[in-house]
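[1] Got a predicted structure plus its sequence, pasted below:
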There are 2 protein chains.
Amino acid sequence: MNDLTIAVVGATGAVGTEFIRVVEKRHPDLHQIRLLASSRSAGKHLTVNGRDLVVEETTEKSFRGVDIAFISVSTEISRWLVPVAAAAGAIVIDDSSAFRMQPTVPLVVPEINGADVEWHQGVIAIPNCSTTQMAMALYPLHRVNPIKRVIVDTYQAVSGAGGAPVAELRQQSRDLLEGKPAQPRAMDHQIAFNLFPHIAEFMPDGYTKEEQKMLEETRKIMHAPDIRVSATCVRVPVYTSHSEAVHIEFERPMAPSEARELLQAMPGVQVLDDPEHNLYPMPWNVAGTDDVFVGRIRQDVSHPNGLAMWVVADNLRKGAALNAIQIAEELVTRNCLKPRRKSAVSDT
Amino acid sequence: MNDLTIAVVGATGAVGTEFIRVVEKRHPDLHQIRLLASSRSAGKHLTVNGRDLVVEETTEKSFRGVDIAFISVSTEISRWLVPVAAAAGAIVIDDSSAFRMQPTVPLVVPEINGADVEWHQGVIAIPNCSTTQMAMALYPLHRVNPIKRVIVDTYQAVSGAGGAPVAELRQQSRDLLEGKPAQPRAMDHQIAFNLFPHIAEFMPDGYTKEEQKMLEETRKIMHAPDIRVSATCVRVPVYTSHSEAVHIEFERPMAPSEARELLQAMPGVQVLDDPEHNLYPMPWNVAGTDDVFVGRIRQDVSHPNGLAMWVVADNLRKGAALNAIQIAEELVTRNCLKPRRKSAVSDT
C-alpha cells in the first residue's frame, strides 16, 4: 500500500474524516495522500500520518497520477466524479449508491466477496452501511444453511446522513433542554428525542430507497439472488453506529449455539451475547470500533427455521471508511491494481 | 361515572399523572377521587378537577368505599395490593403484568374486547403498553383476514419505565452535551444518545419478558390463541410514545389500500400515511394524543401475504391511563359494576 498514491474525495466529511483515522491506524507509512473536497473546504489544513496536508478543490485534473481514489460524496456528485477519476486511470472505490447495482461494478465486503475485486473495470462500490453490517452477520450462517428470508428493522445513527445532521442532533438536544424549540435544517424532521421511519426517498411500492438497498445489495454481495429482505429503516437520535433487529428464516433449523459458533469464526464479527450479565451490543459502546457486533441470538419463536439477532456496527468504520480501505488492501493482495480493463461506467 | 368513588394508586407516578389528566379531560365532574401512593409521596398536594387533594399513603384500609381502584405500581406491589383492594370490594383495574395472564382476569382493550369486562371477577388487567398499540393496529385487519404471524421491533420511550428514567434521559443528555460522563442510575445502561435491546428480564429462551408479553397478551386480547409473534423490544432516547415496525403475514393477501380503509374505520386508530408529503407518525408529535397512529403501510416484498406498517402511540395514554379509564367507562356502560362474583385472585 505504501507506494500508492491515494486520493480522498470528501476528505472533510464524516466518512472522509474517519477514512483518515483508519489510514493512520492501518497504514502509518502511507504518505502519498491527496485530500480533495468542495471549494467550500479547499484550503483547510489536515494532519495525516504526521504530515500537514492542504485540502484541494476537486476538479477534473485532481486524479492525475492517482492509483486509488476513495470517493465519499453525494450520489449526484459521484455520478459526475467517478467516471472522471476512472478515466484519469485511478481505480475508484465509491461510497455512493450511484454505481452499486451496475453489473460491471463489484460491490464488495472483503470478508464476504473479496474475490469480486478481481473482475473490476476501474470502479468498485462500497455497499450501503446498513447492508454491510447485516451481510457480515448473515453470510457465515447463509454459507452453511441458506437464508430464504430476512426481516430487518434498523436504528440508524445521524452520522449516516453526514456531518451536518450530527451537529443538528447536538444543537436540537441543547435547545430542547433549554426549553427552546428544535429547528430541523439538515434533516426533514426534529431528530432530538424523536425518530422517524424515513431514510432516502420513497419508492412507488412504499419502501424507501434505503430499504430497497438492503434487499438488492445483500443479494449482490452474498451472490444470493433469491434471498428476500423486507426492511424498515429508521433514523434515531444516536450519533454513531447503526443497530439492527434481524429476523432470519433458513432452509433448515439453525440452533442459536451453532449460529454463535459460526459468527465467532467470521473475521470482523464479534459475538457479544450474555443476557445474564446484561451484555449485548449498544451503539454508544460500538462507536469507534472496527468489528460488527452480534447479540440477542435466539431461536425465533414464530418460525421453525427462524433465528433472531441484534447487530450493531460503527456505520462510518465497517459501514464505510474501513470497508473502503479493506477493498484497497484486497486489490493489493490480489495484485489487481493494474493493468485493468476498460472503464466500467459510461457517461450516462 | 360521576357518582363513583375512584382510587388512583401510584398517583404521583408517570402513569398516575397522565391518568389524572385524562380524568380531567373526559370526566370533569368526577369528584370522589382518592389519590394513593407510597409513604414517600404521601402528603403531596395535587389539583384534580379543580379541587385540591392530598396524596395518602396506600394501606390495607385505603380501599373502603372505593368502587374502582386504578393501580399503576410495580408488579411486586401489585401482587400485594390488587387482592387487598379487590377484597375490600373495589373493582381493580391493574396496570402491572402480575395478573394479566390469569384465566379469571380479563385483559382488555375496549375497542377490541370490551365485552370481556362482563366476565370480570373483581380484577381487570390493562395490557402492556407495546402490546395495546400493536393490537389496536392488528385487530381491524385480523377480523377480516386472519393473521398467522407478526414480527415486530419496538422503539420504546423511557417513560414506559417510569418517571425516574425520564429525568435520567434529560440529565444524561445535559451531562454529555457539557462533556461530562453519563451516569446510569434508574436504567442499566446509558440511554442518552444510545439505545439497548433489553426491556424487563430475560427468559430462558433468550427473549425478554417484554417480548414474551407481546406474544401472549396479543393472543389473549384478540382471542387468537394460534397467532405467532416474535418481538425485539428496544429502549430508545425518546421521552414519550412507543414506535413499532410491524411485519404481518395473513392467511390471504391484503392490499395496502384495504388495510388503510380498515384501519381508518377502527375507533381509536388514525392513519397518517402520506410518504410523498413526508407524513408518517413520529413519537414527538404523537405524545399527548389519545389515538394509535399508523403509517408506512405497504405490501411486504418478502412474503406474498405480507404487509408492513409503522405504529406509534402515546405509551402513557392509550398504552396505560386512557385504556384504564376506557375500561372503567365500559364497566359503567355494560352495567358490570356490581354485584360481582367472588374475587378473581388468590393470595398465592
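    Structure's in. What do you need? What you see is a predicted model, and the numbers here were worked out from it, not measured in a lab. Numbering: from 1, shown residues only, chains lettered A, B, ... in the order given.
[2] Sketch out the low-pLDDT regions of the stretch 1-150 of chain A for me.
    The stretch 1-150 of chain A contains no residues with pLDDT under 70.
[3] for the residue of it found nearest chain B, helix, strand, or coil?
    For the stretch 1-150 of chain A, the residue closest to chain B is A:Arg149, as judged by Cβ to the nearest Cβ, at 5.1 Å. Quick note: C-beta positions are derived from backbone N, CA and C, even for glycine. Assigned with DSSP: H, G, I helix; E, B strand; the rest coil, A:Arg149 falls in the strand class.
[4] For it, give me its contacts.
    Counting by Cβ atoms under 8 Å, 6 or more residues apart in numbering or on different chains, A:Arg149 touches A:227-230, A:248-249, B:302-303.
[5] 6 Å instead?
    For A:Arg149, the contact set (Cβ atoms under 6 Å, 6 or more residues apart in numbering or on different chains) comprises A:228, A:249, B:302.
[6] neighbours of the last one, just the number please.
    Looking back up the chat, that one is B:Ser302. Using other Cβ atoms under 10 Å in any protein chain shown, the number of residues around B:Ser302 comes to 21.
[7] what are the ranges of the helices in the stretch 101-250 of chain A?
    Assigned by DSSP state H, counting those that start in this stretch, the stretch 101-250 of chain A shows helices spanning A:110-113, A:129-142, A:163-177, A:209-222.
[8] Is there proximity between the second one and chain B?
    I take that to be helix A:129-142. No. Shown here: helix A:129-142 not in contact with chain B (Cβ under 6 Å from any Cβ of the partner chain), separated by at least 13.5 Å.
[9] Can you tell me what sits against that helix?
    Residues outside helix A:129-142 that contact it (Cβ under 6 Å, 6+ apart): A:109, A:112, A:147, A:154, A:160, A:213-214, A:217-218, A:221-222, A:242, A:244, A:259, A:262-263, A:266, A:269, A:292, A:294, A:311, A:313, A:315, A:319-320, A:323.
[10] Same question for the shortest one.
    Surrounding helix A:110-113, the residues in contact under the criterion Cβ under 6 Å, 6+ apart are A:135, A:139, A:221, A:267-268, A:326, A:330.
[11] Going through the residues you listed, which ones are buried?
    Buried subset of these (neighbour count, 16 or more other Cβ atoms under 10 Å in any protein chain shown): A:135, A:139, A:221, A:268, A:326, A:330.
[12] Okay, strands next: where are they in chain A?
    All strands of chain A, identified by DSSP state E, fall at A:6-9, A:33-37, A:45-48, A:51-54, A:56-57, A:68-71, A:91-94, A:123-125, A:147-155, A:228-232, A:242-250, A:269-271, A:292-299, A:306-313.
[13] for the shortest one, packing partners?
    Packing contacts for strand A:56-57, counted by 3 or more Cβ pairs under 6 Å, 6 or more residues apart in numbering or on different chains; DSSP states H and E, involve no helix or strand.
[14] what do you get for the second one?
    Other elements packing on strand A:33-37 under the criterion 3+ Cβ pairs under 6 Å, 6+ apart are strand A:6-9.
[15] Which strands and helices lie in contact with the strand it packs on?
    strand A:33-37, strand A:68-71.
[16] What residues does chain A have near chain B?
    A:149, A:151, A:153, A:155, A:173-174, A:177, A:188, A:190, A:193-197, A:202, A:206, A:228, A:230, A:232, A:236-239, A:245, A:247, A:275, A:278, A:280, A:282-284, A:296, A:298, A:300-302, A:310.
[17] Pull out the buried members of the residues you listed.
    The neighbour-count test (16+ other Cβ under 10 Å) marks A:149, A:151, A:153, A:155, A:173-174, A:190, A:193-197, A:202, A:206, A:228, A:230, A:232, A:236-239, A:245, A:247, A:275, A:280, A:282-284, A:296, A:298, A:300-302, A:310 as buried among those.
[18] domain assignment for chain A?
    Following automatic domain parsing, chain A resolves into domains at A:6-127+A:320-333, A:130-315.
[19] The ones you listed: which one's closest to B:Trp119?
    Closest approach to B:Trp119 among the domains of chain A (Cβ to Cβ): domain A:130-315, 28.6 Å.
[20] pretty sure A:Arg100 is in contact with A:Leu107, am I right?
    Yes. Shown here, A:Arg100 and A:Leu107 form a contact pair, counting by Cβ atoms under 6 Å, at 5.1 Å.
[21] Which neighbours do these two have in common?
    Listed as contacting both A:Arg100 and A:Leu107 by Cβ under 6 Å, 6+ apart are A:Ala125.
[22] Distance of A:Gln156 relative to B:Arg100?
    In this view, A:Gln156 and B:Arg100 are 34 Å apart by Cβ to Cβ, to the nearest Å.
[23] my bad, should have said A:Phe293
    34 Å.
[24] These two: which has the busier surroundings?
    Using other Cβ under 10 Å, the more surrounded residue of A:Phe293 and B:Arg100 is A:Phe293, with 27 against 24.
[25] give me every residue that touches the more buried one.
    A:270, A:272, A:281, A:286, A:312.
[26] cool, and A:Ile297?
    A:Ile297 sits in contact with A:256, A:259-260, A:273, A:309, where contact means Cβ under 6 Å, 6+ apart.
[27] a markdown table please, covering these and showing neighbour count and pLDDT.
    Compiled in a markdown table, the contacts of A:Ile297 are given as follows (neighbours: other Cβ atoms under 10 Å in any protein chain shown; pLDDT from 0 to 100):
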| residue | neighbour count | pLDDT |
| --- | --- | --- |
| A:Pro256 | 18 | 98 |
| A:Ala259 | 25 | 98 |
| A:Arg260 | 16 | 98 |
| A:Asp273 | 22 | 98 |
| A:Met309 | 28 | 98 |
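[28] returning to that earlier point: ranking the helices and strands packed on strand A:6-9 by burial, who's on top?
    Counting by mean count of other Cβ atoms under 10 Å in any protein chain shown, strand A:68-71 has the highest mean neighbour count of these, with a mean of 28.
[29] Show me what that one packs onto, helices and strands only.
    For strand A:68-71, the packing partners by 3+ Cβ pairs under 6 Å, 6+ apart come out as strand A:6-9, helix A:75-87, strand A:91-94.
[30] List every C-alpha atom in it, with coordinates, as PDB.
    Taking C-alpha atoms only, strand A:68-71 is exported to PDB below (Å, rounded to 0.1, in the frame of the first residue of the first chain):
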ATOM      1  CA  ILE A  68      -6.800   4.600  -5.900                       C
ATOM      2  CA  ALA A  69      -9.400   7.300  -5.400                       C
ATOM      3  CA  PHE A  70     -11.700   6.900  -2.500                       C
ATOM      4  CA  ILE A  71     -14.900   8.900  -3.100                       C
END
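[31] strands paired with it, and their directions?
    Strand A:68-71 pairs in its sheet with strand A:6-9 (parallel), strand A:91-94 (parallel), by DSSP bridges.
[32] so can I have CSV of these showing mean neighbour count and distance to A:Ala125?
    Rendered in CSV, the data for the strands paired with strand A:68-71 read as follows (neighbours: other Cβ atoms under 10 Å in any protein chain shown; distance: least, Cβ to Cβ, whole Å):
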stretch, mean neighbour count, distance to A:Ala125
strand A:6-9, 27, 14
strand A:91-94, 28, 5
